[in-house]
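**Student:** Need coordinates for the below:
(4 chains)
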4 protein chains.
Amino acid sequence: MAGNSFGQLFRITTAGESHGPGNVVIIDGVPPGLPLAVDDLLPDLARRRPGQSKIVTARDEKDAPEILSGVFEGRTTGTSIAILIRNEDQRSRDYSDIRDRYRPGHADYTFDAKYGFRDYRGGGRSSARETNVRVAAGAVAKKLLAELGVRVLGYVKQVGDLVADIEDPAAVTLEQVESNIVRCPDRAKAEKMIALIEKLRGEKDSIGGIAELVATGVPAGWGEPVFDKLKADLGKALFSLPAVLGVEYGVGFAVATARGSENNDPFVKDGDQIATRGNRHGGMLGGISSGMPIVLRCAIKPTSSLPQPQETVDRSGKQTTIATKGRHDPCLLPRFVPMGEAMVAITLADHWLRQRAQRGPIDRT
Amino acid sequence: MAGNSFGQLFRITTAGESHGPGNVVIIDGVPPGLPLAVDDLLPDLARRRPGQSKIVTARDEKDAPEILSGVFEGRTTGTSIAILIRNEDQRSRDYSDIRDRYRPGHADYTFDAKYGFRDYRGGGRSSARETNVRVAAGAVAKKLLAELGVRVLGYVKQVGDLVADIEDPAAVTLEQVESNIVRCPDRAKAEKMIALIEKLRGEKDSIGGIAELVATGVPAGWGEPVFDKLKADLGKALFSLPAVLGVEYGVGFAVATARGSENNDPFVKDGDQIATRGNRHGGMLGGISSGMPIVLRCAIKPTSSLPQPQETVDRSGKQTTIATKGRHDPCLLPRFVPMGEAMVAITLADHWLRQRAQRGPIDRT
Amino acid sequence: MAGNSFGQLFRITTAGESHGPGNVVIIDGVPPGLPLAVDDLLPDLARRRPGQSKIVTARDEKDAPEILSGVFEGRTTGTSIAILIRNEDQRSRDYSDIRDRYRPGHADYTFDAKYGFRDYRGGGRSSARETNVRVAAGAVAKKLLAELGVRVLGYVKQVGDLVADIEDPAAVTLEQVESNIVRCPDRAKAEKMIALIEKLRGEKDSIGGIAELVATGVPAGWGEPVFDKLKADLGKALFSLPAVLGVEYGVGFAVATARGSENNDPFVKDGDQIATRGNRHGGMLGGISSGMPIVLRCAIKPTSSLPQPQETVDRSGKQTTIATKGRHDPCLLPRFVPMGEAMVAITLADHWLRQRAQRGPIDRT
Amino acid sequence: MAGNSFGQLFRITTAGESHGPGNVVIIDGVPPGLPLAVDDLLPDLARRRPGQSKIVTARDEKDAPEILSGVFEGRTTGTSIAILIRNEDQRSRDYSDIRDRYRPGHADYTFDAKYGFRDYRGGGRSSARETNVRVAAGAVAKKLLAELGVRVLGYVKQVGDLVADIEDPAAVTLEQVESNIVRCPDRAKAEKMIALIEKLRGEKDSIGGIAELVATGVPAGWGEPVFDKLKADLGKALFSLPAVLGVEYGVGFAVATARGSENNDPFVKDGDQIATRGNRHGGMLGGISSGMPIVLRCAIKPTSSLPQPQETVDRSGKQTTIATKGRHDPCLLPRFVPMGEAMVAITLADHWLRQRAQRGPIDRT
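**Tutor:** Below you'll find the model as predicted:
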């Protein structure tokens, strides 16, 4: 209960720090019989890993996962799946610059306040390093969802003032997203975003942005009516990622200025299905999936670590400055995309299992 | 696990529907010795209840709570506290208009998709009616937090295009909030908001808005580093409320256009404490409270129920229209404020208990 | 997490004390569509209630349940079901005899040690009174299990030295059990047990015993392989009832003197099914149901409350004696039977839902 | 929720199988600052491991643990601790004898019934192999409890008909237990037990027994009053171990023949403390620790795997026999002792944290 698990039935539990031996995830709830191998994990890990392009951090982490359990003869057994990713880049260096000084925007001070001391060699447990095993677990969830016809895809919607023009979020393809290093399906804007990010890195600065995440193929009926609304669990999932300061569904904050008469999406018949005309609601009504694409956006802050001097205090409270050494992302968005997809996929897999358990009619298993 | 509980150590479990005998909440985790009586629950229930002013629904619900357990001689015993609020306004009427037709923006269709049938007399379990026991539980959480010097307060920040001018969110007082029926501490804007809401009711329409919620006095160190970040659990808490389409902390979505060099709040010495200059981060770093005020905003959609005809389909998929009868809020914001406060208070009480269990040093209880 | 909930998917949460307004249970996880009414709860409540016969306590409690939620037009809706049972026999009396003196065998002292104070009017939260809502929830679980062909039945196996002769636990019928007031299907022994209990009541004393519980119709495959073995969850369920000092499955403690070659139940073909010859294993192998009847026994201590003086101390530690007034059971066994059945049924319903969620193959809900 | 986690606040989650790469445990809830190193884990792992003496299985498993996270500069950080133990003895061999035939007393058939297929190379997830990481986690829990003055110790009480004579369970020392290979502090009986076990191995058979577990130094007040009674959580913990068919506290099943007047332990003053004269209740009253030693016993079945032919069926239901090859324990008791201690220690650590969170008075952390 110390916050290292997520999900009820599809449940992940993680451990690991940025500068320890490695990170590990235990995945509970994958039904037996799903084909699974290390190769299934590699593509998303490659999309998340540092060093993948010129606009992300130059640190080189291979993120080679090992499946320790839960798979036999290429299929899941129904028991818990453990995945280990060892840390490779654990160079011993001089940490005296960050040991006693609190990096602004980081968890250094809050960890000290919480625990009394901390692993001063980096972010420790608060580092984005731990998201590598989330992405591995997300790849398992995606594979499961694919069997059900559900697809989760994210992309960069905005970097600084540059907003991508996306006509239909549900029509964006993985190929479009991966066609450029910033992961923006609007190619013209993607080029400008890349240029902006490179410019900011040159200025020893960083920039924020917005990622959009879309789940298609989710049938109507997933999610619970009260506390575990699908939007509530997705919200928790996404806010649990580092640097996320905002989450919104459908038209999101734009509802503030909307009238009910324009905001309601009318129900219509779409072939055999009931659907809505328009998707201002973002694919969930009363917290339960409506059968329309689930569309959401996350606001991501600019990287806090900067190579330029920033004002701060040390552990004793004395005023000082800090300029973080090391290699950091000038913009977190390109690497956020697979992390966001992973958390959405894990949440959906969880709610699929929950709906599976609870649905009527009552029948002998 | 069917989504009727929230929290880990301060944990609420609810039951009840809009048209059943009543709603009940069981609260786990209140330590022994807290003075508690029904009177402690009434103020926030009055702020939530329908019929409180001319700009909310005219339904009259008294929301008279009964404490069924967990209190002895005026103090909590440390065991589970049950609170029952009976429904009073259960007039039998003709439901044929909504029985088979899906109200746009409501959970009618998604409930049918999930459960196969539903209580057609209203929102059932998806009705905002169930939030009355959340508000009662929130009053208990607030009372607990007050003992620790923590205060949770919300107010209306925006209705339609009207944005309140609030200099310092942490300085707003309950008196300012309650000085007008729209619960906006900017009096000039409050008057305009009230006028706008009345105008929209006259037009048989509704309007959205934004509520801001502030927690002061939270010490640094609450929240967990990974999945149960304080921002993650607050996000889930708030998205679990009806009509919330967006949640953001600190500067929120404005981080998208910010540079790191301007977005980081520098650490400074503030008396004996370490604080930050500025609070763009919203009171949490790495998901753990920083000691600065926690500031967040929720985007609330305009009421979906409208007395004007809206396009929809019936259960068979045939196109039709529906104009919901009954009395509805032309704007949800004024009644949302105590609901939002309740969920924030419950989440903070939970993380207080969690930090209490886990903190060092290790000592015999 | 303060221990007022049981189960993962079929989950009950309770509140209430012996001398408060009443007890309430919220049941999560009942799928939609199960026919349910108050009448379904009454038979087991009648089997549990005080005053039912001359060999149980003479207190008169009607235990009239009210279903507050989760049922619409006679069927469960799939949302949380709350059941309230008000306390009726709350006569105000003089509690000075038990207020400061610790009753031996009771939780008076441990509650004081845990909470610092307690409701001194009786057992409070530790009273067997709270089991009435467990029995109500158990009746719901039994009704659910009946749809699946699963039956849970208990009976008294032993009182003092009197051991019932039961040839086949799975063949015992409810009629046999209810044919006498001690709930022992061996009629000859039942008469002797009744005589023994009456004798002990005459001597102001009490007597212990053993209850046997049997679940038939459970298909092979329920239960989880590691911590949530079916035997582990059943064990917790039964030890959570007051006065249970021992639980054993199949041959139980008799395995201590058994050889492997005699203890293993050989697998055999039984029609289309695989079964075992003999059921020394008690219906679970590796913690997972084997398809054979689940057979277990609980050791129940003699009632601690006695009308004769017992040595004890008061809150200040001063030596004194106490003879509890009021009306108590000279033997807990007859009333334990429905409690034990309820906890077994709740545990099985939970594992049915869990198996339902996790089983292969992977298919779209 | 698929049963791979145990505990609420001190929580362990495990993964791994007998014939996979290894087993891993993630431990949540250890407060910051506890000194911890691999050396702390080795003694109990050595007590659990195969090949340790002539009366256990001759398989050689080194069980070399690696701490992957949660420890920095020799102290716990307060974040999740992962421990990995790789499997070493994974010789590829011919499994055709057990691939399709169900070993009596094992989980082969129930796994097939549950999952549709299984890792046929051994017990897979149902193997006692997974208890090695439980024992490692138990060593962490023991170290934590030692800081609080709590000690957990187990020993063999009975093998076959040989019952050890133990005057005071709370006075037994680790040295006495470890003075012989059967782990029985009654030396005379220990020799006879060893001889009996060797005799049975010679006869290609196995024998059951009873282990007794004792926790001293537990203060009054741990445990919750209703479902999470300490006896309930301990019961679940112990029944979650393989081969446990019975659990009893204090006098256990002997309460069946006891009168209340003799069974109640009178409260007495013991120095500054309140204690009981006698400990028939086993250290818990109302499910909450009484301050007296917690004393319990587990009935352990004889090893199911036997080198002699046993009747069974194959997957198609055809009658056949099986004589399990490989090296097995002729008696599980000596290796059960550290497993039982581990589960008791984990449960107690969990309830210490829970009591820490919930106790009064209410104070700012």
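**Student:** helices or strands up against the longest helix seen in chain A?
**Tutor:** Identified as the longest helix of chain A according to DSSP state H is helix A:333-358. Packing partners of helix A:333-358 (3 or more CB pairs under 8 Å, 6 or more residues apart in numbering or on different chains; DSSP states H and E): helix A:42-48, helix A:131-147, strand A:151-159, strand A:209-216, helix A:230-239, strand A:294-300, helix C:333-358. No exception for glycine: its C-beta is placed from N, CA and C like everyone else's.
**Student:** Kindly spell out which helices and strands sit in contact with the first one.
**Tutor:** Here helix A:42-48 is seen to pack against helix A:131-147, helix A:333-358 when contacts are counted using 3+ CB pairs under 8 Å, 6+ apart.
**Student:** Could you figure out how far the last one is turned away from strand A:209-216?
**Tutor:** The one in question is helix A:333-358. 30 degrees (axes from the mean of the first three to the mean of the last three CA atoms, to 10 degrees).
**Student:** Check the offset of helix A:333-358 from the chain's centre.
**Tutor:** Centroid separation for helix A:333-358 versus its chain: 9 Å, with CA atoms, centre = their mean, to the nearest Å.
**Student:** will you turn the helices and strands packed on helix A:333-358 into JSON lines that also has mean neighbour count?
**Tutor:** Listed next are the helices and strands packed on helix A:333-358 as JSON lines, based on neighbours: other CB atoms under 10 Å in any protein chain shown:
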{"stretch": "helix A:42-48", "mean neighbour count": "19"}
{"stretch": "helix A:131-147", "mean neighbour count": "25"}
{"stretch": "strand A:151-159", "mean neighbour count": "26"}
{"stretch": "strand A:209-216", "mean neighbour count": "24"}
{"stretch": "helix A:230-239", "mean neighbour count": "28"}
{"stretch": "strand A:294-300", "mean neighbour count": "28"}
{"stretch": "helix C:333-358", "mean neighbour count": "27"}
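**Student:** want to try CSV for those, with mean pLDDT as columns?
**Tutor:** Compiled in CSV, the helices and strands packed on helix A:333-358 are given as follows (pLDDT from 0 to 100):
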stretch, mean pLDDT
helix A:42-48, 97
helix A:131-147, 98
strand A:151-159, 98
strand A:209-216, 98
helix A:230-239, 98
strand A:294-300, 98
helix C:333-358, 97
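**Student:** which stretch among the ones you listed comes nearest residue B:294?
**Tutor:** Closest approach to residue B:294 among these (CB to CB): helix A:230-239, 13.1 Å.
**Student:** So which elements touch that closest one?
**Tutor:** strand A:244-249, strand A:294-300, helix A:333-358, helix B:230-239, strand B:244-249.
**Student:** Kindly report the residues of chain A close to chain C.
**Tutor:** Listed as neighbours of chain C in chain A under the rule CB under 8 Å from any CB of the partner chain: A:1, A:9, A:29, A:31-34, A:78-80, A:144, A:147-149, A:219, A:221-222, A:225-226, A:352-365.
**Student:** list the contacts for the closest residue to residue A:45 other than its chain neighbours?
**Tutor:** Spatial nearest neighbour of residue A:45, chain neighbours left out: residue A:63 (4.6 Å); criterion: CB to CB, 6 or more residues apart in numbering or on different chains. Shown in contact with residue A:63 (CB atoms under 8 Å, 6 or more residues apart in numbering or on different chains): A:45-46, A:48-49, A:85, A:132.
**Student:** run the last query once more with 6 Å
**Tutor:** Contact analysis of residue A:63 by CB atoms under 6 Å, 6 or more residues apart in numbering or on different chains lists A:45, A:49, A:85, A:132.
**Student:** Show me the two of these that sit farthest apart.
**Tutor:** Going by CB to CB, the pair spanning those furthest: A:49 and A:85, at 10.1 Å.
**Student:** So for those two, which residue has more residues nearby?
**Tutor:** residue A:85 (24 against 20; other CB atoms under 10 Å in any protein chain shown).
**Student:** The more buried one reaches residue A:130, doesn't it?
**Tutor:** No - under the criterion of CB atoms under 6 Å, residue A:85 is not in contact with residue A:130, lying 9.8 Å apart.
**Student:** Name the residues contacting each of those two.
**Tutor:** Shared contacts of residue A:85 and residue A:130, defined by CB under 6 Å, 6+ apart, comprise residue A:23.
**Student:** Once you drop chain neighbours, what's closest to residue A:148?
**Tutor:** Residue A:148 sits nearest to residue C:364 (CB to CB, 6+ apart), 4.6 Å away.
**Student:** Residue A:133 now?
**Tutor:** Nearest one to residue A:133, counting by CB to CB, 6+ apart, is residue A:25 at 3.7 Å.
**Student:** related to what we said a few turns ago, for residue B:158, which of the helices and strands packed on helix A:333-358 is the nearest?
**Tutor:** strand A:294-300 (17.3 Å).
**Student:** Next, the angle strand A:151-159 makes with that closest one.
**Tutor:** 40 degrees.
**Student:** that older thread, which of the residues of chain A next to chain C are buried? Put it as a ChimeraX command.
**Tutor:** Buried members of the residues of chain A next to chain C, defined by 16 or more other CB atoms under 10 Å in any protein chain shown, are picked up in ChimeraX with:
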select /A:1,9,29,31,32,33,34,78,79,80,144,148,219,221,222,225,226,352,353,354,355,356,357,358,359,360,362,365
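**Student:** secondary structure element for residue A:362?
**Tutor:** Under the assignment given by DSSP states H and E, residue A:362 is not contained in any helix or strand.
**Student:** show me what contacts it?
**Tutor:** Residue A:362 neighbours (CB under 6 Å, 6+ apart): C:31, C:147.
**Student:** what do you get if the cut-off is 10 Å, keeping everything else the same?
**Tutor:** C:30-34, C:76, C:143-148, C:352, C:356 (CB atoms under 10 Å, 6 or more residues apart in numbering or on different chains).
**Student:** Which phi and psi values does it adopt?
**Tutor:** Per-residue torsions, residue A:362: phi -80, psi 120 (degrees, to the nearest 10).
**Student:** same question, residue A:126
**Tutor:** Residue torsions, per degrees, to the nearest 10, at residue A:126 are phi -90, psi 0.
**Student:** Was I right to think it contacts residue A:106?
**Tutor:** Yes - the criterion here is CB atoms under 10 Å, and residue A:126 meets it with residue A:106 at 7.4 Å.
**Student:** Could you check which of the two is surrounded by more residues?
**Tutor:** Higher neighbour count among residue A:126 and residue A:106: residue A:126, with 26 against 23, using other CB under 10 Å.
**Student:** which residues sit in contact with the more buried one?
**Tutor:** So, once contact is read as CB under 10 Å, 6+ apart, residue A:126 ends up touching A:17-18, A:106-108, A:110-111, A:118-119, A:242, B:225-226, B:229, B:285-288, D:79.
**Student:** Quick check: it vs residue A:22, distance?
**Tutor:** 17 Å (CB to CB, to the nearest Å).
**Student:** again with residue A:323
**Tutor:** For residue A:323, the distance to residue A:22 - CB to CB - is 29 Å.
**Student:** what does residue A:100 give?
**Tutor:** Taking CB to CB, one finds residue A:100 at 27 Å from residue A:22.
**Student:** out of the two, which sits in the more crowded spot?
**Tutor:** Neighbour count, other CB under 10 Å: between residue A:100 and residue A:22, residue A:22 has more, with 23 against 16.
**Student:** Is that one bridged to anything, and to what?
**Tutor:** Judged by DSSP bridges, the bridge partners of residue A:22 are residue A:86.
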